[in-house]
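**Q** Sequence and computational prediction follow.
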Amino acid sequence: MKDYFLKFWQGLWTIAIGMKVTFKHLFVPAVTIQYPTEKPELPERERNRLYVNMDDCIGCLQCERACPVDCIEIETVKAVPGEDLGKTSNGKKKALWVTKFDIDIAKCCYCQLCVFPCPTECIYMTDVYEFSEYERDNLIYDFVTLTPEEREEKKKNYEEFLAKKEAEKAEAARKKAEEAAKAKQEEKKEDKKEETKPEDKPKDKEE
Amino acid sequence: MMYDWLYNLTGSEILAAVIQSLLPLFLFILPFALFAVLLERKVSAHMQDRLGPMRVGYHGILQTVADIIKLVQKEDIIARDNDKLFFNLSPLIVFMGSYAAFAVIPFSSVFLGSNIDLGLIFIVAVTGLVVAGILMGGWASNNKYSLLGAMRSAAQIISYEIPTMMIIIVVIMLTGTLNLYTMSEWQTSYFWNWLIFGGPGFGLAKFILIPFMMMSALILFISTLAEVNPTPFDIPEAESELVSGYHTEYSGMKFAMFFLAEYANMFAVSAILSALFFGGFQSPFGYLGNLFNVPALIPFEQFFWFTAKGIFFVFVQMWLRWTLPRFRVDQLMTFCWKYLIPFAFVILIIVGLITVLL
């Protein structure tokens, strides 16, 4: 009987305690952050959207190799002699045109592994985290600063350069062969004019 | 009274009666439901250190209006194997049951639907319809969760009706009337005349009665709370067990009717509690109308005090709701049969003796 009343009393008393707690919380300021209008302060080393500063990129592919999910795709084209690509902020000379630098941010796992190997510190995590898109293709970010025409042009330039070089090589080889043939022919006649022609060959190679 | 005034205004008995019966719905239940849903969400949010609805209107004032607009637009889904007739009838009956209770609730000395002498018994009887409606809806839904919820609801409401009735009998013994209007008039003037403080008059009986009246007010509060199914007693709905109980299968306006009935019921129950123990529409400190000699002000003050008391008890219900976890079914039954009913019975006997002897 005593137990019965004790239980009843305890029930009421503990409810009163609970109600006191909830009543106190009525006046505790809410912890809610009303998101789109108010934004939480992010920690200093937060990892969000990647950004590439193309001015500093030397196209070394380090980040592409480091990426565990292969979300970075880079293509580079060698600069044609005579073109000046400038220097990076830490003084490295750029030697490659980066014609493709795509980051598929939908694949990105925000591991930051691409950030550390970069020799010029041009790829880094920003504090932007609102980048949802309606189309999945819009999540493939293209960081190249060149216009598509320029990219084609650079590729073409290099190809032309290669072709020219190839042609020159071929020409040189042909000339050499011709000379050799001539020399052979002339060898039989005379052994005099051989020393003037070989001077052109090293000149070609230097270019 | 309201009816006579309307009769004089319109000149037609039928029109006056129709307006009279619709007034509490449009003047009170709908705005109250809108307000109570918002209050519930705000109270629960602030008790959990959140903000609650904040976007629609200033601090989310129009949130429930937006919700109602959404509910009206929703498709009314009726599953193939539902029992169509009872499925459609159920929300009506539930709403009717809780709405009919408002007919005898005295909002103020002039705003009173029907001044019948069986007021209290009428309320108990028509709110019994709610059980029938809930059982009907749960069964006709052809869904195991709905049926379980309905069964639990029926079991719960019927067992908690017993302590409710016992306390009502206690009150009847003291006041000698079932009419809620005369009961409120009886506890007139100041708050120490309320029944929770032993009713009017300064005798020995009053002071002996006080603890028993407090106990019976508590018991009435708990047992009527169990009839409206908020959280400590929400095993009929039990979101984590039964999806949402008897109204799992309902959508759109029918769901809204269940919802409205639930909030109307919340207020009806608080109104009964305040009419029985807390002086009904009577002001605790006298009236400004009497002070400034403006008798026309009194009914409005009474209306204010009545709604204020009602909303206070609704707030206490919400407060409890966000404080306590849900009962188990056996705990629920234990609480009713082993605690509330014996206590109510003892109070019944003692108060009976007091009324006879003193």
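**A** Nice, I can see it. Residues are numbered from 1 along each chain as shown, chains lettered A, B, ... in the order given.
**Q** So what's the residue count around the closest residue to A:H25 other than its chain neighbours?
**A** Nearest residue to A:H25, sequence neighbours excluded (C-beta to C-beta, 6 or more residues apart in numbering or on different chains): B:M47, at 5.1 Å. The C-beta positions use only the backbone N, C-alpha and C, and glycine is treated the same way. For B:M47, the neighbour count with other C-beta atoms under 10 Å in any protein chain shown is 22.
**Q** Next up, the contacts around B:M47.
**A** Contact analysis of B:M47 by C-beta atoms under 8 Å, 6 or more residues apart in numbering or on different chains lists A:22-23, A:25-26, B:319, B:322-323.
**Q** Next: A:I33.
**A** Counting by C-beta under 8 Å, 6+ apart, A:I33 makes contact with A:39-40.
**Q** Just want the phi and psi numbers for it.
**A** The phi and psi values for A:I33, taken as degrees, to the nearest 10, are phi -110, psi 120.
**Q** Can you get me the start-to-end distance on stretch A:77-84?
**A** Distance between the two ends of stretch A:77-84: 14 Å, counting by C-alpha to C-alpha, to the nearest Å.
**Q** still on that earlier bit, whichever of the contacts of B:M47 end up buried, select them in ChimeraX.
**A** Per 16 or more other C-beta atoms under 10 Å in any protein chain shown, the buried members of these correspond to this ChimeraX selection:
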select /A:22 /B:319,322,323
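**Q** now, among the contacts of B:M47, which is nearest to B:L71?
**A** The nearest member of those to B:L71, counting by C-beta to C-beta, is B:W322 at 23.6 Å.
**Q** Now do that closest one against chain A, distance only.
**A** Distance, B:W322 to chain A, by C-beta to the nearest C-beta, to the nearest Å: 6 Å.
**Q** right, and that residue touches B:P232 too?
**A** No. Applying C-beta atoms under 8 Å as the test, B:W322 and B:P232 come out as separate, 10.4 Å apart.
**Q** Please flag which of the contacts of B:M47 sit within strands.
**A** Applying DSSP state E to these, no entry is found in strands.
**Q** and the longest strand belonging to chain A, C-alpha only, in PDB?
**A** Secondary structure of chain A per DSSP E: the longest strand is strand A:96-104. Coordinates of each C-alpha in strand A:96-104 appear next as PDB, following Å, rounded to 0.1, in the frame of the first residue of the first chain:
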ATOM      1  CA  LEU A  96      52.500  23.800 -71.800                       C
ATOM      2  CA  TRP A  97      49.100  25.100 -73.100                       C
ATOM      3  CA  VAL A  98      46.400  23.500 -70.900                       C
ATOM      4  CA  THR A  99      43.700  22.800 -73.500                       C
ATOM      5  CA  LYS A 100      41.500  20.800 -71.200                       C
ATOM      6  CA  PHE A 101      41.100  21.000 -67.400                       C
ATOM      7  CA  ASP A 102      37.800  19.400 -66.500                       C
ATOM      8  CA  ILE A 103      36.800  18.600 -62.900                       C
ATOM      9  CA  ASP A 104      33.600  16.500 -62.600                       C
END
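**Q** Show me which residues of that strand are buried.
**A** For strand A:96-104, the neighbour count (16+ other C-beta under 10 Å) marks A:96-99, A:101-104 as buried.
**Q** Stretch B:124-144 too?
**A** With burial defined by 16+ other C-beta under 10 Å, the residues of stretch B:124-144 counted as buried are B:124, B:126-127, B:129-131, B:133-141, B:143.
**Q** and what of stretch B:322-330?
**A** B:322-324, B:326-327.
**Q** can you check stretch B:298-315 too?
**A** Neighbour-count burial for stretch B:298-315, counted by 16+ other C-beta under 10 Å, picks out B:298-299, B:301-303, B:305-307, B:309-311, B:313-314.
**Q** biggest separation within those, which pair?
**A** Spatial extent of those (C-beta to C-beta) is set by the pair B:I298 and B:V314 at 24.2 Å.
**Q** Tell me which residues of the next helix-or-strand element following the longest strand of chain A come out buried.
**A** Once the chain leaves strand A:96-104, the next helix or strand it forms, by DSSP states H and E, is strand A:123-125. By neighbour count with 16+ other C-beta under 10 Å, strand A:123-125 contains the buried residues A:123, A:125.
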